[in-house]
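# got a predicted structure here, sequence first:
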Amino acid sequence: MFLYNAFNVLLDAGPTVLLPVIILIIGLIFRVKPSKAFRSGLTVGIGFAGIKLIINLLSSNLGPAAQAMVKNFGIRLDALDVGWGAIAAVTWSSPIIPILIFGILLTNIVMLILKKTDTLDVDIWNYHHMAIVGIMTYFVTKNVALGVAATITMAVITFKMSDWSAHLVSGYFGLPGVSLPTMSALSSLVIAAPLNYLLDKIPGINKINFTVKDAKKYLGFFGEPMIMGLILGGVIGALAKYDITKILNVAVNMSAVMVLIPKMTSLFMEGLMPISEAAKKFTKEKFKGRNFLIGLDAAVVVGNSEVITTSLIVIPLTIALAVILPGNRVLPFADLAVVPFRVALVVALTGGNLFKNIIIGLACTGAILLAGTSTAPVLTDLARSTGIDLTMAAGALISSFAATSLTVSFIVYKVFTGNLYITLPIFFAGFAAVWIYFDVIKKKKESEEKPAE
């Protein structure tokens, strides 16, 4: 009971407090000196707090500006995006949430022991992305077992996708030994990977490669991240029809985000490196051939200048897409500020190719709009049943850019609420094929190619 209460206290304190404690414990497990482990944990916490502050700066400027654009364009759709925060509140209010959180934690431990994942997920706060699928499944089917099974399936997929995308996190963002078990970022890869492959096969299109670094090279002063942030922030403010003071405010704050996030990320890595080095040494001694990955919140990568640049372009285009997309009923609103999370791994996958980022980013937000439209009625009824205040929706349905609007979450939800005799075999056969490709076929190819290099 004491441990349960202590865990709840840490969980209530949020990730800024929880993360240093977890890093300290991991450091001690990996035989780091207590003082060094404590310092590492605190440094990671300070870096993460800095990242969160800057993301809040981004959200508090970008969110209202994007919402003002929606109002200015006179868009009328009947499923309001109320934001991931409201959906997280619905998740944590569920009567089965303790079972689901324990199930996710146990799944991670079992997979680590069985060597089916290398990701040690310390991002407990973001368990809600996995849990909401089980909660919605339980709400529709009234079957606790199905709800738990849906969440555990989400957990397995999350940990495997984290492993499979870890090379993007280390190779592109420069965060070795780290994976991102945040489904709000991972989910986009399901659309991004095949679409990126397709774009690479189209003559002419596959020759287009323009990055933020290229912008700096060709545009000189105007291509510097801080100047690009200033210009794009000013454009967003102008589209929101702000007065000149507010436009300048948004412009300078976007410029600040471009400059400050990399500095906070480097502080974060300063704290993480001693733990990462100790983990490598420990696993080399005790688990030969294993390389554990520390699973962190995708917040550690969303401040990348290419990610922010892509987001500032994709946001107004997503608003326009919501109007013309056949079948869409979702009005993008509160979650427009978290578009950087949805495109972060897309940017890494394309190597920062801005042309691809925009095309794939729009495909991902389009899929979110359609999945959000499909699940809005159930999500609205679920929110009402938990007593969540829906007055901001003014009688409309509610949706978000999270929960079952995410492509992977939507697929798993549909599988567990459909005809199980049909959906389960098809889904697990498909997932098994992907698993075999990444863990067997691809690894075999990579091992064969190494001696020739």
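Received the coordinates, thanks.
# look up the pLDDT of Pro266 for me, please.
Actually, residue 266 is Ser rather than Pro. pLDDT recorded at Ser266 is 71.
# typo on my end, Thr211
76.
# so the nearest residue to it once chain neighbours are set aside: helix, strand or coil?
The shortest distance from Thr211 to any non-neighbouring residue, by CB to CB, 6 or more residues apart in numbering, is to Gly352 (4.1 Å). Bear in mind the C-beta positions are built from the backbone N, C-alpha and C, glycine included. Three-state call for Gly352 (DSSP: H, G, I helix; E, B strand; the rest coil): coil.
# do you know how far Gly352 is from Ile75?
According to CB to CB, to the nearest Å, Gly352 and Ile75 sit 31 Å apart.
# who has more neighbours, these two?
Set Gly352 next to Ile75 and count neighbours by other CB atoms under 10 Å: Gly352 wins out with 22 against 15.
# now do the buried residues in the strand or helix carrying Arg384.
Element membership of Arg384, judged by DSSP states H and E, is helix 354-385. Residues of helix 354-385 classed as buried by neighbour count (16 or more other CB atoms under 10 Å): 354, 356-376, 378-380, 382-383.
# what's in contact with stretch 301-312?
Residues outside stretch 301-312 that contact it (CB atoms under 8 Å, 6 or more residues apart in numbering) are 51, 54-55, 58, 62, 169, 173, 175, 180, 185, 211-212, 225, 228-229, 232-233, 235-236, 254, 257-258, 260-262, 264-265, 339-341, 343-344, 346-348, 352, 354, 357-358, 361.
# could you rerun that using 6 Å?
With contact meaning CB atoms under 6 Å, 6 or more residues apart in numbering, stretch 301-312 is reached by 173, 212, 225, 232, 258, 261, 339-341, 343-344, 347, 352, 357, 361.
# and of those residues, the nearest to Trp92?
When those are compared for distance to Trp92 (CB to CB), Phe341 comes out closest, at 19.2 Å.
# ok, for Leu331, nearest residue in space, not its chain neighbours?
Leu77 is the one closest to Leu331 (CB to CB, 6+ apart), at 3.9 Å.
# Lys281 versus that neighbour, what's the distance?
Leu77 sits 54 Å away from Lys281, going by CB to CB.
# ok, the two, which is more surrounded?
Between Leu77 and Lys281, counted using other CB under 10 Å, Leu77 has the larger neighbour count: 20 against 13.
# make sure that one is indeed in a helix.
No: Leu77: not assigned to a helix; according to three-state DSSP it is coil.
# that one reaches Gly327, doesn't it?
No: look at Leu77 against Gly327 with CB atoms under 6 Å: they stay out of range, at 11.2 Å.
# what about stretch 416-423, average pLDDT?
96.
# may I see the buried residues of it?
So, applying 16+ other CB under 10 Å, buried residues of stretch 416-423: Phe416, Thr417, Thr423.
# other residues contacting stretch 88-101?
With contacts defined as CB under 6 Å, 6+ apart, stretch 88-101 is touched by Tyr127, His128, Ala131, Ile132, Gly134, Ile135, Tyr138, Gly147, Thr151, Ala383, Thr386, Ile388.
# could I get those as a markdown table with pLDDT and distance to Leu312?
Formatted as a markdown table, the contacts of stretch 88-101 follow (pLDDT from 0 to 100; distance: CB to CB, whole Å):
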| residue | pLDDT | distance to Leu312 |
| --- | --- | --- |
| Tyr127 | 88 | 30 |
| His128 | 88 | 27 |
| Ala131 | 94 | 31 |
| Ile132 | 95 | 28 |
| Gly134 | 97 | 35 |
| Ile135 | 95 | 33 |
| Tyr138 | 96 | 38 |
| Gly147 | 97 | 38 |
| Thr151 | 97 | 34 |
| Ala383 | 85 | 30 |
| Thr386 | 76 | 35 |
| Ile388 | 64 | 31 |
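# what about the most centrally placed residue in the chain, distance to Gly295?
In the chain, the centroid-proximal residue (CA atoms, centre = their mean) is Ala185; its distance is 2.4 Å. According to CB to CB, Ala185 and Gly295 sit 12 Å apart.
# do you know the pLDDT at Leu296?
Taking Leu296 on its own, its pLDDT is 86.
# for it, grab the count of nearby residues.
Residues contacting Leu296 under the criterion other CB under 10 Å number 28.
# ditto for Val323
Val323: 15 neighbours (other CB under 10 Å).
# next up, the contacts around it.
Ile75.
# what angle sits between whichever helix or strand it is part of and helix 354-385?
Using DSSP H and E, Val323 sits within helix 305-324. Angle of helix 305-324 versus helix 354-385, following axes from the mean of the first three to the mean of the last three CA atoms, to 10 degrees, is 60 degrees.
# which secondary structure element is home to Leu120?
strand 119-121.
# if we can go back for a sec, got the buried residues of stretch 416-423 as CSV, with distance to Leu24 columns?
Listed next are the buried residues of stretch 416-423 as CSV, based on distance: CB to CB, whole Å:
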residue, distance to Leu24
Phe416, 37
Thr417, 41
Thr423, 43
